[in-house]
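Undergrad: here are the coordinates; sequence isn't available:
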C-alpha cells in the first residue's frame, strides 16, 4: 500500500504507474488481468506508460483485481457512473422478459400463507422458463 501511495505522491496524476502498482500488489498475473479486461498483455503494458487513463478503465480494472481505487483517486467512489454502454441492436419483442423493463415494486408477503403462495408462483414461473429454455435448445441443436 505504501508503494502505491508513493506513486500517487511522486506522480500526482500518472495513472499508469498507479494501476501498475495496484496490479503488482494484488498478486494477479498480468495475463489474467489482461484476459479479464478483454485486452492483450501488450496493451495493458502500454497502459502503464499512460498518465491519463480513463477512470472507467480504472474502475473496471479495480473490479478485476478486487481493488478499491478510491484510495488513490479520492474522487472515485462506488457512486461514479460508468460510461454508457454502446447501443445494442434492437431486441425482438418476443424475447423481452418481465425484468427487461423498469423494476416493479411488488408487495411483500405478510404471513406464512402468502409466502408459500408466492413460492409456488415462483416455482411455476421457474419451471415454465426451464421448459422454454429446453425447447430453445432443441430448436437450436436441430439446426
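TA: Yes, it's here. Just so it is clear, the structure is predicted and the values come from calculations on it, not from any experiment.

Undergrad: helix/strand/coil for residue 74?
TA: coil (DSSP: H, G, I helix; E, B strand; the rest coil).

Undergrad: again, but for residue 67
TA: Relying on three-state DSSP, one would call residue 67 coil.

Undergrad: And for residue 59?
TA: Following three-state DSSP, residue 59 is assigned to helix.

Undergrad: Now do the contacts for residue 29.
TA: Shown in contact with residue 29 (C-beta atoms under 8 Å, 6 or more residues apart in numbering): no residues. C-beta: built from backbone N, CA, C; applies to glycine.

Undergrad: Let me know the distance separating it from residue 108.
TA: Plainly put, residue 29 is 45 Å away from residue 108 if you go by C-beta to C-beta, to the nearest Å.

Undergrad: For the protein, give me the ranges with low pLDDT.
TA: Along the chain, the model assigns pLDDT under 70 to residues 1-13, 76-106, 143.

Undergrad: which helix of it spans the most residues?
TA: Longest helix in the chain, counting residues (DSSP state H): helix 112-142.

Undergrad: Check which helices and strands that helix sits against.
TA: The contact analysis (3 or more C-beta pairs under 8 Å, 6 or more residues apart in numbering; DSSP states H and E) places helix 112-142 against no helix or strand.

Undergrad: What about the closest residue to residue 109 other than its chain neighbours, how many residues nearby?
TA: Closest residue to residue 109 apart from its sequence neighbours, by C-beta to C-beta, 6 or more residues apart in numbering: residue 115 at 4.5 Å. Residues lying near residue 115 (other C-beta atoms under 10 Å) number 12.

Undergrad: With residue 17 instead?
TA: So residue 17, with other C-beta under 10 Å, has 20 neighbours.

Undergrad: is it true that it touches residue 48?
TA: Yes. If you go by C-beta atoms under 8 Å, residue 17 and residue 48 touch, sitting 6.8 Å apart.

Undergrad: I'd guessed the residue nearest to residue 109 sits against residue 108; true?
TA: No. Using C-beta under 8 Å, residue 115 makes no contact with residue 108, being 9.3 Å away.
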